[in-house]
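Novice: with the sequence up front, the predicted model follows.
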Amino acid sequence: MAVAILLVSYPAGDGARFDRSYYVATHLPLVRRVLEPHGLVGAEAYFPDDQVAPMFAVAVLRFADAAARDAVLGHPDAGHAFADIPNFTDVQPAATRMSAA
């Protein structure tokens, strides 16, 4: 089965805010809850070991296929996850669509 990936990265910057505890305890479970009915099959977050890294975190969202991944981005349920972003950061996340071999 081909898996489609959405990488969501949160760039770090001077004075930028990122609440890692909120992200892990609240935001990531919210993403799973609202996107699983639309083809999300897994979601993990990774944090840099280096405190001076160019990003706060990277989320790897795995979907059953590219069609599910692409469709969910425009679905109203995804809006619940997007609306939660200001609760843990003031940076604009960057999303990159990828496919696994």
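Specialist: It's in. Nothing here was measured: the structure is a model prediction, and the numbers come from that model.

Novice: residue 81 touches residue 33, doesn't it?
Specialist: No. Residue 81 lies out of contact with residue 33 (CB atoms under 8 Å); the separation is 9.0 Å. Using the backbone N, CA and C atoms, a C-beta is placed for each residue, glycine as well.

Novice: so between those two, which is more surrounded?
Specialist: residue 81 (19 against 13; other CB atoms under 10 Å).

Novice: secondary structure element for the more buried one?
Specialist: Here residue 81 sits within helix 78-84, counting by DSSP states H and E.

Novice: contact partners of that helix?
Specialist: Residues outside helix 78-84 that contact it (CB atoms under 8 Å, 6 or more residues apart in numbering) are 26-27, 30-31, 34-35, 38, 72.

Novice: cutoff 6 Å now
Specialist: Residues from elsewhere that reach helix 78-84, judged by CB atoms under 6 Å, 6 or more residues apart in numbering: 27, 30-31, 34, 72.

Novice: now the buried members of those.
Specialist: 27, 31, 34, 72 (16 or more other CB atoms under 10 Å).

Novice: show only the entries of those residues found in strands.
Specialist: Per DSSP state E, strands hold no members of those.

Novice: now the residues you listed in JSON lines, with distance to residue 94?
Specialist: Formatted as JSON lines, the entries for these read as follows, by distance: CB to CB, whole Å:
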{"residue": "27", "distance to residue 94": "16"}
{"residue": "31", "distance to residue 94": "16"}
{"residue": "34", "distance to residue 94": "20"}
{"residue": "72", "distance to residue 94": "17"}
